[in-house]
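Undergrad: Task: produce atomic coordinates for the following.
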Amino acid sequence: MLRLPQFRFHLPGSIREALSILAAEGPEARVVAGGTDLWPNMKRRHQKPATVVSLMSIEELNGVDVADTSREARIGATTLLEDLVRNPALRARFPGLARAVASISSPPLRHMGTLGGNICLDTRCTYYNQTEDWRRAIDYCMKEAGTVCWVAPSSSRCWAHTASDSAPMLCALGARLRLLSADGERILPITELYRDDGIQYLTKRPDEVVADVLLPTASDSDHCRSSFWKLRRRGSIDFAVLSVAAAVWTDARGVVSDARIFLGAVGSQPVAVEAATETLRGQSLTEERIAEVAQLARKLATPMDNTDFKAQWRGLMAARYTEAALREIAGLETEVLPPRHATL
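TA: Next up, the predicted model:
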């Protein structure tokens, strides 16, 4: 049995108290919500914080406010993933996000995990996500105590990949985050939260807490169509080895006015297929145009050999999953790609 290391645990009842503790403890402190990521990482000694601050007793960080379609939606960072999946208003307004959340892990863990935790999920790698004894046997990798990235030994950086399912979809929908610290508040586009580095993958400061996720009205189902497709070995539990999040805005004639596509699990941050926007804008979602965009995604996807399935095959599947997501948005027949994406 893997046991947690010793640490100081705080259970503040207010956000002010939590932020005060984080400011006092410094960068060695960690926040925890559902703990589905942090506790296993601590048991494997990936992370060894001296202090852990729980956010789960802070009421103002919880809750969903999406029913009013005239204003942006708000989701508290400690809202349970399963509560989002079961929320009818969220499923109606942001179906792509609801599907992405429904694909996360398994029902028991979705009853523990939170949206904020999934947004800040640690990056993953075959050589990192192992027990302490396993990692010590081959020597530590760059992500923990070592100096070599075993995925790319000649590289000067860590290539651990992003594993969050909600992040690519939130990026495609243009979500913003409200971050709090003892210094005050700031609003940050979620695309600016991530850094293309397997170790320093977040731009958020250690003393900052993700308080809310804000979703613009212009990204709900009255204004755009969204889709999320995920590749993993099993249809449940497993982390993504590829995901595609797409959001498309069209006018009354079906001509695309804007489009955003993000790939997950192929890099250390959600990867924007920026060329897709220019390719689709002013065009209809025809089979030919969709196939063209799918190839753009394939060229951009350069997964490393750091997770399940061969990297080259994952790159090829980036095109097929992008095509499937856009065909679904266009109302065209879609190929069944195993394992099947989550259904609601």
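
Undergrad: okay, CA-based contacts and neighbour counts for the rest of this
TA: OK.

Undergrad: Next, work out how far apart residue 52 and residue 26 are.
TA: Using Cα to Cα, to the nearest Å, residue 52 is found at 11 Å from residue 26.

Undergrad: Those two: which is more packed in?
TA: Taking other Cα atoms under 10 Å, residue 52 and residue 26 do not tie; residue 52 has more neighbours (21 against 12).

Undergrad: Show the contacting residues for that one.
TA: 7, 8, 9, 10, 29, 30, 31, 32 (Cα atoms under 8 Å, 6 or more residues apart in numbering).

Undergrad: Residue most distant from the centroid, the chain?
TA: Relative to the average C-alpha location in the chain, and by Cα atoms, centre = their mean, no residue lies farther out than residue 253, which sits at 32.8 Å.

Undergrad: For it, give its distance to residue 185.
TA: 42 Å.

Undergrad: Any chance you could list what contacts stretch 271-279?
TA: 168, 258-264, 289, 293, 296-297, 300-301.

Undergrad: Sitting in helices, which of those do you find?
TA: Among the contacts of stretch 271-279, DSSP state H puts 168, 289, 293, 296, 297, 300 in helices.

Undergrad: Export those residues as TSV, with columns for pLDDT and distance to residue 203.
TA: Listed next are the ones in helices among the contacts of stretch 271-279 as TSV, based on pLDDT from 0 to 100; distance: Cα to Cα, whole Å:
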residue	pLDDT	distance to residue 203
168	98	16
289	97	35
293	97	30
296	97	28
297	97	25
300	92	23
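
Undergrad: Tell me the one among these nearest to residue 149.
TA: Among the ones in helices among the contacts of stretch 271-279, residue 300 lies closest to residue 149 (Cα to Cα), at 21.8 Å.

Undergrad: Neighbours of the closest one, how many?
TA: Residue 300 - counted by other Cα under 10 Å - has 18 other residues nearby.

Undergrad: Now for it: which residues touch it?
TA: residue 273 are the contacts of residue 300 under Cα under 8 Å, 6+ apart.

Undergrad: From residue 290, how far off is it?
TA: 16 Å.

Undergrad: again with residue 209
TA: The gap separating residue 209 from residue 290 is 39 Å, by Cα to Cα.

Undergrad: picking up where we left off before, can you give me the pLDDT of the residue farthest from the centre of the chain?
TA: For residue 253, the model assigns a pLDDT of 94.

Undergrad: and it, how far is that from residue 279?
TA: On the measure of Cα to Cα, residue 253 and residue 279 end up 18 Å apart.

Undergrad: those strands in the stretch 151-300 of the chain, which residues are they?
TA: Here the stretch 151-300 of the chain has its strands, by DSSP state E, counting those that start in this stretch, at 176-181, 184-189, 209-215, 225-231, 242-250, 256-264, 271-272.

Undergrad: okay if I get those strands as CSV plus mean neighbour count?
TA: What follows is the strands of the stretch 151-300 of the chain, written out as CSV (neighbours: other Cα atoms under 10 Å):
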stretch, mean neighbour count
strand 176-181, 21
strand 184-189, 13
strand 209-215, 23
strand 225-231, 27
strand 242-250, 26
strand 256-264, 25
strand 271-272, 22
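
Undergrad: and residue 79, which of these is closest to it?
TA: Per Cα to Cα, nearest to residue 79 of the strands of the stretch 151-300 of the chain: strand 209-215, 9.5 Å.

Undergrad: Got the domain ranges for the chain?
TA: Following automatic domain parsing, one gets these domains for the chain: 1-59, 60-120+161-219, 225-330.

Undergrad: Let me have the ones you listed in a markdown table, extended by distance to residue 150.
TA: Output for the domains of the chain, formatted as a markdown table (distance: least, Cα to Cα, whole Å):
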| stretch | distance to residue 150 |
| --- | --- |
| domain 1-59 | 16 |
| domain 60-120+161-219 | 13 |
| domain 225-330 | 9 |
